[in-house]
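Engineer: got a sequence here, can you build the structure:
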Amino acid sequence: MKVVIKYDPENNQDVTQARILLYADHNKLIVDSLYDVLVRPYYKHGFSDQKINKILESLGEDGNYLMEFFKEQINELQEE
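Structural biologist: Here you go, the predicted structure:
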């Protein structure tokens, strides 16, 4: 398969769109890594850093809310 991207380098919107296309795979890897590092441990087995576990435990329901918020935000990015 061959893909040709044509854009006007003088047009900021064209340049932005071209960058989005060119870096899409890289950005997806970043979002997937965020999920693996930030969200997955919370729901699976806890974080290996005990200080993080203690902080989340001390936050109680606020900690749960924060982790749910992160999960929702990352899931939205993964869907894009």
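Engineer: when you work out contacts or count neighbours from here on, use the C-alpha atoms and nothing else.
Structural biologist: Will do.
Engineer: what about residue 64, neighbour count?
Structural biologist: 14 (other C-alpha atoms under 10 Å).
Engineer: against residue 63, how distant is the closest residue to it other than its chain neighbours?
Structural biologist: The shortest distance from residue 64 to any non-neighbouring residue, by C-alpha to C-alpha, 6 or more residues apart in numbering, is to residue 56 (7.6 Å). As defined by C-alpha to C-alpha, to the nearest Å, residue 56 lies at a distance of 5 Å from residue 63.
Engineer: what about the residue nearest the centre of the chain, which SS state?
Structural biologist: Closest residue to the average C-alpha location of the chain: residue 31 at 2.9 Å, with C-alpha atoms, centre = their mean. Under DSSP: H, G, I helix; E, B strand; the rest coil, residue 31 falls in the helix class.
Engineer: roughly how far does it sit from residue 42?
Structural biologist: 16 Å.
Engineer: for residue 79, same thing?
Structural biologist: Separation of residue 79 from residue 42 (C-alpha to C-alpha): 21 Å.
Engineer: ok, the two, which is more surrounded?
Structural biologist: Between residue 79 and residue 42, residue 42 has the larger neighbour count (other C-alpha under 10 Å), namely 18 against 7.
Engineer: name the SS class of the more buried one, please.
Structural biologist: Of the three states, residue 42 takes helix according to three-state DSSP.
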